[in-house]
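Participant: okay, structure incoming, though there's no sequence with it:
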Ligand SMILES: Nc1ncnc2c1ncn2[C@@H]1O[C@H](COP(=O)(O)OP(=O)(O)OP(=O)(O)O)[C@@H](O)[C@H]1O
Ligand SMILES: C=C(C)CCOP(=O)(O)O
């Protein structure tokens, strides 16, 4: 079983609010379609927000820890993510990928400590029935804080843990985690080893950029890869491109 995140920074133009990168999304959809066609591996897709969701969340002062009790604000952020989700679904369906959305806002919640609880029975059932579930970064009910943002990276970690994923891939705009010389770091086994080079995203991003990704992935049993769009075919074909996190 593979959990694949299509980074919002890849499938959108992250610097222009609510703008899709249609060409990149096409490429990603084509890579997914050829894997699903030729390989019996179960695939769960999660996508991030990019220029959808982050701008709205930032305007309302909402993040993974700062919540809102304003339903209009929550629905604006959720709505932006659903708009992007519809674009992703359409591109996959056009290529005969049997993609079905799972909206985290309607499925999970955070407890008082901010821990994410995400039931995965519906995802498992969709997989068993031959569908490709497509989740996305979203708003989520948060005990004591109203509703906060849940990042696609958190969803990837939760799904990988619950469904015992064999492989985890994060496709981003960068070819991997880069060191001070902008070279791809091949393997990361401890956060302290790379902490000094990890930063937030270059664009508006309320969920923590590369540092949050590496932290979430290090906590998992299975190995994970962070790589660029050029390497998506290679990853889906069983290679370990970019940075491997174990
Ligand atoms: N050491 C690093 N190596 C690579 N990228 C880094 C590093 N430190 C910070 N970054 C930033 O992290 C970004 C990737 O994180 P970001 O959260 O934007 O990606 P994403 O998951 O593809 O998009 P989204 O969060 O919208 O889904 C890069 O574009 C870069 O700006
Ligand atoms: C900003 C929202 C609502 C979701 C962000 O998800 P991410 O891009 O995976 O961090």
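Facilitator: Happy to help now that I have it. Source: prediction; values computed, not measured. Ligands and ions are numbered 1, 2, ... in the order given.

Participant: for the nearest residue to residue 69 once chain neighbours are set aside, list each beta-bridge partner.
Facilitator: The shortest distance from residue 69 to any non-neighbouring residue, by CB to CB, 6 or more residues apart in numbering, is to residue 146 (3.9 Å). To be clear about C-beta, it is placed using only N, CA and C from the backbone, and glycine gets the same treatment. As for beta bridges, residue 146 partners with residue 142 under DSSP bridges.

Participant: make residue 1 into 867 and carry on from there
Facilitator: Sure thing, new numbering starts at 867, so read that last one as residue 1012.

Participant: wait, what's in contact with residue 1012?
Facilitator: Taking CB atoms under 8 Å, 6 or more residues apart in numbering, we find residue 1012 in contact with 933, 934, 935, 936, 940.

Participant: ok, now residue 1092?
Facilitator: Residues in contact with residue 1092, defined by CB under 8 Å, 6+ apart, are 1036, 1038, 1040, 1042, 1043, 1079, 1080, 1083, 1108, 1109, 1111.

Participant: out of the residues you listed, which touch ligand 1?
Facilitator: 1038, 1040, 1043 (CB under 6 Å from any ligand atom).

Participant: which ones among those map onto strands?
Facilitator: Those of those mapping onto strands are residue 1038, per DSSP state E.

Participant: isn't residue 880 right next to residue 1038, touching?
Facilitator: No: in terms of CB atoms under 8 Å, residue 880 does not count as a neighbour of residue 1038; the distance is 10.8 Å.

Participant: and the worst-scoring helix or strand of the chain on mean pLDDT, what does it pack against?
Facilitator: Here the helix or strand of the chain ranked lowest by mean pLDDT, DSSP states H and E is helix 1075-1084, holding a mean of 91. On a contact count with 3 or more CB pairs under 8 Å, 6 or more residues apart in numbering; DSSP states H and E, helix 1075-1084 meets helix 1018-1028, strand 1033-1038, helix 1057-1060, strand 1090-1094, strand 1109-1111.

Participant: what angle do the second one and helix 1075-1084 make?
Facilitator: Using axes from the mean of the first three to the mean of the last three CA atoms, to 10 degrees, the direction of strand 1033-1038 lies 180 degrees away from that of helix 1075-1084.

Participant: give me the residues contacting whatever helix or strand comes next after strand 1033-1038.
Facilitator: Downstream of strand 1033-1038, the first helix or strand assigned by DSSP states H and E is strand 1053-1054. With CB under 8 Å, 6+ apart as the test, strand 1053-1054 has contacts from 1043, 1060, 1080, 1084, 1109, 1110, 1111, 1112.

Participant: of those residues, closest to ligand 1?
Facilitator: Distance to ligand 1, by CB to the nearest ligand atom, is smallest for residue 1043 among the contacts of strand 1053-1054, at 4.5 Å.

Participant: the closest one: neighbour count?
Facilitator: 25 (other CB atoms under 10 Å).

Participant: OK, contacts around the closest residue to it other than its chain neighbours?
Facilitator: The shortest distance from residue 1043 to any non-neighbouring residue, by CB to CB, 6+ apart, is to residue 1109 (4.3 Å). Residues in contact with residue 1109 (CB under 8 Å, 6+ apart) are 1042, 1043, 1050, 1051, 1052, 1053, 1054, 1091, 1092, 1093.

Participant: which of these tops the neighbour count?
Facilitator: Counting by other CB under 10 Å, top hit in these: residue 1092 with 29 neighbours.
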